[in-house]
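Colleague: Turn this into a model:
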Amino acid sequence: MFKKEFYSHLLVTFIYFISISFFNIRLGFGLILLWLGALVGTFLLDIDHLLLCLDSSNKTWWAEKSRYLWNKKRYKEVIFYLGETHLEHRTLTFHSALFQPILLLLAFFVLTSTGSLFGSGLVMSLNLHLLKDEWQCFLTEGRLDWLFWQIKGRINQRGEKIYLLTTTFIFFLLSRLLL
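Modeller: Prediction:
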């Protein structure tokens with residue numbers, strides 16, 4: 001499961017940034033910075049999985065095992081263990097409907113104000129990572145319950161679909177700023 005998730009994120013990032021690079025040949029060596037930012041951002045969003053498992057108030061079995069492996073400096077095993085159990089993590093701060101608009105605003109700021117290709121690649125791949133997870137879940141399960149865990153009221157499937165389409169549309173508008 002971990003390898004499938006890992007490679008699917010890399011594949012989506014690769015396809016997206018190949019498309020962006022194709023239209024930005026004029027950047028030349030600057031594309032290297034864009035790609036470096038993309039690679040870092042692809043997996044940076046998953047840091048909340050690690051934070052959740054190392055949280056001292058979290059007393060589940062997988063959290064105890066992750067902390068044990070981390071304390072023994074078996075970092076590679078922790079990463080693989082988190083990859084195998086990531087579907088169990090349903091209350092992640094960086095994977096939420098309240099964080100995503102902040103991430104989109106951050107992307108807008110970086111794309112319009114900084115001119116940093118590394119930063120542009122980073123924020124766009126963060127957004128792409130979250131959108132890939134949302135679309136994958138919505139297409140397989142038909143729901144995005146994990147995304148709205150911070151919201152007290154229940155969001156119906158139509159509301160989730162509107163949210164998903166809206167954030168995807170905003171992402172593609174932001175992508176136009178990279179071109």
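Colleague: looking at the chain, which helix or strand does the model trust least?
Modeller: Least confident helix or strand, the chain: helix 75-85 with a mean of 62, by mean pLDDT, DSSP states H and E.
Colleague: What are the buried residues along the following helix or strand past that one?
Modeller: On the C-terminal side of helix 75-85, the closest following helix or strand by DSSP states H and E is helix 100-109. Using 16 or more other Cβ atoms under 10 Å as the test for burial, helix 100-109 gives 100, 103, 104, 107. Placement of C-beta: from N, CA and C, glycine included.
Colleague: export helix 100-109 as PDB, just CAs?
Modeller: Taking C-alpha atoms only, helix 100-109 is exported to PDB below (Å, rounded to 0.1, in the frame of the first residue of the first chain):
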ATOM      1  CA  GLN A 100      -6.900  23.800   2.200                       C
ATOM      2  CA  PRO A 101      -8.100  27.500   1.700                       C
ATOM      3  CA  ILE A 102      -5.100  28.700   3.600                       C
ATOM      4  CA  LEU A 103      -2.900  26.600   1.400                       C
ATOM      5  CA  LEU A 104      -4.500  28.000  -1.700                       C
ATOM      6  CA  LEU A 105      -4.100  31.500  -0.500                       C
ATOM      7  CA  LEU A 106      -0.400  30.800   0.300                       C
ATOM      8  CA  ALA A 107       0.000  29.500  -3.300                       C
ATOM      9  CA  PHE A 108      -1.600  32.700  -4.600                       C
ATOM     10  CA  PHE A 109       0.800  34.800  -2.500                       C
END
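Colleague: elements contacting it?
Modeller: Contacts defined by 3 or more Cβ pairs under 8 Å, 6 or more residues apart in numbering; DSSP states H and E place helix 100-109 against helix 117-141, helix 157-178.
Colleague: Buried deepest among those helices, which one?
Modeller: Ranked by mean neighbour count, these are led by helix 117-141 with a mean of 20 (mean count of other Cβ atoms under 10 Å).
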